[in-house]
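Asks: Let me see the structure of the following:
(one chain, ligands or ions: 1)
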Amino acid sequence: MQKEVINLLQNKMELIQLNDSNNLCLVGPVRLPVQLDDKVITFQWYTWLPVEKNQTKKDLLEMLPALKLADYQQSSVLVYGDFKEADDALIRMHSICHTGDIFGSKRCDCGFQLREAMKMIVENGSGALFYIANHEGRGIGLFSKSLAYLLQQEGLDTVEANNALDFPDDLRSYEEPIKVLQFLREKQVKLITNNPKKLEALQALGVTAKENVPIWGDISEYNENYLKTKVQKSGHIPVNEKIVII
Ligand SMILES: [Zn+2]
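Replies: Here you go, the predicted model:
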């Protein structure tokens, strides 16, 4: 790699301490114009990669072709407005959902929540949407999720299906996005979620989040049971009467 290229890119990279043995290499911001309904909104986009503690930014750039990064997914964050300084900022920790986000599957509400959270952040004037790559199927991976879906077609709910495959209900870790969040903003945030446990978990990991902002919608015959399970078994707040449990 040419020296000029390395110099230019190194200035757009930050090493953030993740734990005793790893850093996160955060890259950005990249200007990302996004079509949201009838408007084009420009977000600042960052990606990150866990690296070993002794690796420099230059090492990382020089070893890129050998890393085969397309073989696994990286997480990223869309930032809007003056995220560092604004008094009021909304954040969303969005777990990747191949079927919901990409295909528009109605078996869950992820695709709807992704777009809705982006709109809420823009409307708020400042915020960040974290798109977390290793969270597919609550952390069981896409292949296992398809197996869980087959079990759900036989009548098991989301939690039962994951358990039947010998996975715990929820394997998701928020350690990496939280480190990135704390690097991008030190002030308090509000978390877009229906899950008070998620808010508590983030608070326990050091995020200064004061409240959760609910996000419901796109309830249909295809995802009604999925949403009911979220309320019954995962502690989500039932804010829509269609999914109130009797
Ligand atoms: Zn989904």
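
Asks: Residue numbers of this protein in contact with the ion?
Replies: Within the chain, the positions near the ion by CB under 5 Å from the ion are 97, 100, 108, 110. For glycine as for every other residue, the C-beta is placed from the backbone atoms N, C-alpha and C.

Asks: top helix in the chain by residue count?
Replies: If you go by DSSP state H, the chain has its longest helix at helix 110-124.

Asks: Summarise which helices and strands it is packed against.
Replies: strand 22-36, strand 76-80, strand 90-95, strand 127-132, strand 189-192 (3 or more CB pairs under 8 Å, 6 or more residues apart in numbering; DSSP states H and E).

Asks: let's see 7 Å
Replies: strand 22-36, strand 76-80, strand 90-95, strand 127-132 (3 or more CB pairs under 7 Å, 6 or more residues apart in numbering; DSSP states H and E).

Asks: can I get these in JSON lines with mean neighbour count and mean pLDDT?
Replies: Formatted as JSON lines, those follow (neighbours: other CB atoms under 10 Å; pLDDT from 0 to 100):
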{"stretch": "strand 22-36", "mean neighbour count": "16", "mean pLDDT": "97"}
{"stretch": "strand 76-80", "mean neighbour count": "24", "mean pLDDT": "98"}
{"stretch": "strand 90-95", "mean neighbour count": "24", "mean pLDDT": "96"}
{"stretch": "strand 127-132", "mean neighbour count": "23", "mean pLDDT": "98"}
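
Asks: I'd like those written out as JSON lines, with distance to Glu211 added.
Replies: Shown next, in JSON lines, are these (distance: least, CB to CB, whole Å):
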{"stretch": "strand 22-36", "distance to Glu211": "24"}
{"stretch": "strand 76-80", "distance to Glu211": "19"}
{"stretch": "strand 90-95", "distance to Glu211": "11"}
{"stretch": "strand 127-132", "distance to Glu211": "14"}
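
Asks: List the beta-bridge partners for the residue lying closest to Leu69 once chain neighbours are set aside.
Replies: Distance criterion CB to CB, 6 or more residues apart in numbering; nearest residue to Leu69, sequence neighbours excluded, is Leu49 at 7.4 Å. Judged by DSSP bridges, the bridge partners of Leu49 are Cys25.

Asks: Check the gap between Leu49 and the ion for me.
Replies: Using CB to the ion, to the nearest Å, we find Leu49 at a distance of 24 Å from the ion.

Asks: Thought Gln74 was touching that residue, still the case?
Replies: Yes: using CB atoms under 7 Å, Leu49 makes contact with Gln74 at a distance of 5.8 Å.

Asks: and these two? which has more neighbours close in?
Replies: Leu49 (17 against 14; other CB atoms under 10 Å).

Asks: Okay, buried residues for the helix or strand of the chain with the lowest mean pLDDT please.
Replies: Least confident helix or strand, the chain: helix 224-234 with a mean of 73, by mean pLDDT, DSSP states H and E. Buried residues in helix 224-234, counted by 16 or more other CB atoms under 10 Å: 225-231, 234.

Asks: circling back: out of the residues of the chain next to the ion, which sit inside strands?
Replies: Counting by DSSP state E, those place none of their members in strands.
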